[in-house]
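K.L.:
fold the stuff below for me.
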Amino acid sequence: MRVTTAGLVVIVAIGALVLEPPVLLAAARTVTFRAPNGRMVEASLNESAQRPSSAVVLVGMLGHSRDDWQAVAQRLADARITTLAIDLPGAVAPDDPAVLAAWSDDIRGALSYLAARPETRPGALGVLGAALGASLAVVAAATDSQVRSLALVSPTSENRGLRIENALRQFGSRPAYLVASRLDPYAARSVKELAKNPPGIREVQMAEAAASGTVLLAREPDLVRLVIEWFQRTLG
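P.N.:
Model (predicted):
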């Protein structure tokens, strides 16, 4: 049984791979919005049939396209959660951690775009990030009160000089779901360290596939179900 309370870390291991029948993926709608730094950002919007609905920004891995999220986005939409998937600003990360942290402006712009839509339920925004996208999700959410919940797949305490311990602490009592493969040693160590002495709910999920980020979600489809359930619980 899994119990979640403020300040409690819960560790769950996934067992056998759950295979699901293939689903027909609805085409995402391409939209654009302006980030706080003035940059125009193109994104993929998958809308829930429910109005109004909760909504989640999807932030992927370095060198990967936002198309990686399409299957996950469809399942979230089927679960009545609208998603907005964005690409990282570049395929190569800058050497300066401060410049890298500024990439989180795109996430802030995505959150503001979703919050302004009449179909989005007020106070029901989350961010799902993978690998570097998870680090940037924490940086963006730390100072953005619009974010009610985080799910981080293969986060690391430090990524290309960008450290996230303080940002996750600043996220405060809001809930965060930390996912990593046991066979991804740095991410596995990171999620356990990041969940220590939390100011709020920090739930840790350990997986078995030898993969990280969006690849881990593809190889262990049951993880997607758990992420969906997480947002259903924490976004309402």
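K.L.:
from here on, contacts and neighbour counts on C-alpha atoms
P.N.:
Will do.
K.L.:
now the longest helix that the chain contains: buried residues?
P.N.:
Ranked by residue count under DSSP state H, the longest helix found in the chain is helix 221-235. Within helix 221-235, the residues that qualify as buried are Asp222, Leu223, Val224, Val227, Ile228, Trp230, Phe231, Gln232, Thr234, Leu235, counting by 16 or more other C-alpha atoms under 10 Å.
K.L.:
shaky segments in the chain?
P.N.:
Per-residue confidence for the chain (pLDDT under 70) gives these ranges: 1-27.
K.L.:
mind listing the helices for it?
P.N.:
Using DSSP H, the helices found in the chain span residues 70-78, 97-101, 105-116, 132-142, 165-170, 185-194, 213-219, 221-235.
K.L.:
tell me which of the ones you listed is the most buried.
P.N.:
Highest mean neighbour count of the helices of the chain: helix 132-142, a mean of 27 (counted as mean count of other C-alpha atoms under 10 Å).
K.L.:
who are the packing partners of that helix?
P.N.:
On a contact count with 3 or more C-alpha pairs under 8 Å, 6 or more residues apart in numbering; DSSP states H and E, helix 132-142 meets strand 53-59, helix 105-116, strand 120-130, strand 147-153, helix 165-170.
K.L.:
against Ala187, how distant is Leu136?
P.N.:
Look at Leu136 and Ala187: by C-alpha to C-alpha, to the nearest Å, they are 15 Å apart.
K.L.:
scratch that, Leu178
P.N.:
Taking C-alpha to C-alpha as the measure, Leu178 falls 10 Å from Ala187.
K.L.:
next: Gly126.
P.N.:
Taken as C-alpha to C-alpha, the spacing of Gly126 relative to Ala187 amounts to 21 Å.
K.L.:
common neighbours of Leu178 and Ala187, please.
P.N.:
Taking C-alpha atoms under 8 Å, 6 or more residues apart in numbering as the criterion, Leu178 and Ala187 both touch Ser154, Pro155.
K.L.:
so which residue is dead centre in this structure?
P.N.:
Most central residue of the chain, judged by C-alpha distance to the mean C-alpha position with C-alpha atoms, centre = their mean, is Leu128 at 1.2 Å.
K.L.:
quick one: that one from Gly213, how far?
P.N.:
Using C-alpha to C-alpha, which is the criterion applied here, Leu128 is 10 Å from Gly213.
K.L.:
and Ala151, by the same measure?
P.N.:
The value you get for Ala151 to Gly213, if C-alpha to C-alpha is used, is 11 Å.
K.L.:
show me the contacts for Ser65.
P.N.:
With contacts defined as C-alpha under 8 Å, 6+ apart, the neighbours of Ser65 are Asp87.
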